[in-house]
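Participant: Structure of the sequence below:
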Amino acid sequence: MGKESPFRGDIVKGKVALITGGGSGIGFEISTQLGKHGACVAIMGRRKPVLDSAVSTLASLGIPAVGFEGDVRSQDDAKRVVESTFRHFGRLDILINAAAGNFLVSPEDLSPNGFRTVMNIDSVGTFTMCHEALKYLKKGGPGRGSSGGGTILNISATLHYTASWYQIHVSAAKAAVDAVTRNLALEWGTDYDIRVNGIAPGPIGDTPGMSKLVPPEIDSKARDYMPLYRIGETWDIAMAALYLASDAGKFVNGTTLIVDGGLWLSRPRHLPKEAVKQLSRAVEKRSRDAPVGVPKSKL
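Facilitator: Model prediction:
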């Protein structure tokens with residue numbers, strides 16, 4: 001049974017959204033929830049069978065949906081898909097960049113070409129889609145008249161906030177995505193009334209990437225020190241996307257919202273809480289019992 005959304009069912013009614021990587025994983029759940037809340041949905045991806053299946057599922061839910069084959073690394077593909085979305089629905093209001101590439105590899109085993117591939121998909125691809133969508137998203141653009149600008153949402157990660165094992169390529173790519181988000185928010189928010197934000201998901205359980213990147217034995221151990229003692233779901237990310245893409249987030253611009261339960265802040269506990277309490281009490285007792293005039297540094 002699906003979760004009940006905290007948002008009104010018409011919160012993005014009349015909007016048209018284009019989601020790259022929208023045929024599977026996080027991108028598909030975002031596509032689904034935008035559609036359930038009133039939007040028309042176009043999804044872009046490289047695999048036709050995946051696109052066809054996703055569009056069929058969306059249509060079965062009563063969501064106006066269309067799929068376009070394309071690679072975000074190709075400017076020609078980006079331009080064609082953006083233009084096709086406009087021709088099909090008559091406008092474009094929301095661009096969500098969810099297409100991404102990832103795999104585990106140590107830096108010494110990662111070829112420059114492998115590094116470049118992930119940078120091209122995540123970073124260059126994100127900018128390319130934004131660049132091609134500008135004409136339709138900006139205030140006064142085709143289909144918009146004198147209405148305000150649209151919104152862009154870039155799916156990022158938390159890997160680069162510190163450092164992550166075997167993820168140097170993705171860490172670099174997502175750091176660039178965050179920089180693109182902030183800079184476009186500054187310039188296009190000022191010049192074209194376009195809001196640009198991001199979402200940085202943590203581990204999301206119901207995605208193909210989770211099983212590929214996090215073996216079950218590591219996942220079970222990791223839960224022991226997660227602040228909310230669980231991994232996230234695609235639904236969590238989709239709800240954040242709805243907030244940022246709708247008028248609920250109309251004054252949020254240039255922010256990357258971390259949706260990971262606080263995991264990026266966490267570290268494994270080296271001491272049980274009771275042991276810490278006992279240690280703390282012992283230190284306090286020694287401090288209280290120390291002779292007057294003895295520096296605490298000597299305790």
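Participant: Mind picking out the helix or strand in this protein with the poorest mean pLDDT?
Facilitator: Of all helical and strand segments in the chain, the minimum by mean pLDDT, DSSP states H and E falls on helix 216-222, at a mean of 54.
Participant: What helices and strands are in contact with whichever helix or strand comes after it?
Facilitator: Counting by DSSP states H and E, the element after helix 216-222 in chain order, helix or strand, is helix 234-245. In terms of contacts (3 or more Cβ pairs under 8 Å, 6 or more residues apart in numbering; DSSP states H and E), helix 234-245 is packed against helix 25-36, strand 94-97, strand 151-155, strand 195-201, strand 256-259. C-betas here are computed from N, CA, C, even on glycine.
Participant: now the angle from helix 234-245 to helix 25-36?
Facilitator: Per axes from the mean of the first three to the mean of the last three Cα atoms, to 10 degrees, the angle that helix 234-245 makes with helix 25-36 is 60 degrees.
Participant: tell me the centre residue of this protein?
Facilitator: Ile155 (2.8 Å; Cα atoms, centre = their mean).
Participant: Give the phi and psi angles for the nearest residue to Thr32 once chain neighbours are set aside, as a check.
Facilitator: Excluding the flanking residues, the one nearest Thr32 by Cβ to Cβ, 6 or more residues apart in numbering is Leu58, at 6.6 Å. Leu58 adopts backbone torsions of phi -60, psi -40, taken as degrees, to the nearest 10.
Participant: For Leu58, which residues are in contact?
Facilitator: By Cβ atoms under 8 Å, 6 or more residues apart in numbering, the contact list for Leu58 reads 31-32, 35, 41, 43, 65.
Participant: Wait, a strand at Val105?
Facilitator: No. Under DSSP: H, G, I helix; E, B strand; the rest coil, Val105 falls outside any strand and is assigned coil.
Participant: Is it possible to get CSV of the helices and strands packed on helix 234-245 that adds distance to Ala248 and mean pLDDT?
Facilitator: Output for these, formatted as CSV (distance: least, Cβ to Cβ, whole Å; pLDDT from 0 to 100):
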stretch, distance to Ala248, mean pLDDT
helix 25-36, 13, 97
strand 94-97, 13, 98
strand 151-155, 12, 98
strand 195-201, 12, 97
strand 256-259, 12, 97
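Participant: which of the ones you listed is buried the deepest?
Facilitator: Counting by mean count of other Cβ atoms under 10 Å, strand 94-97 has the highest mean neighbour count of the helices and strands packed on helix 234-245, with a mean of 28.
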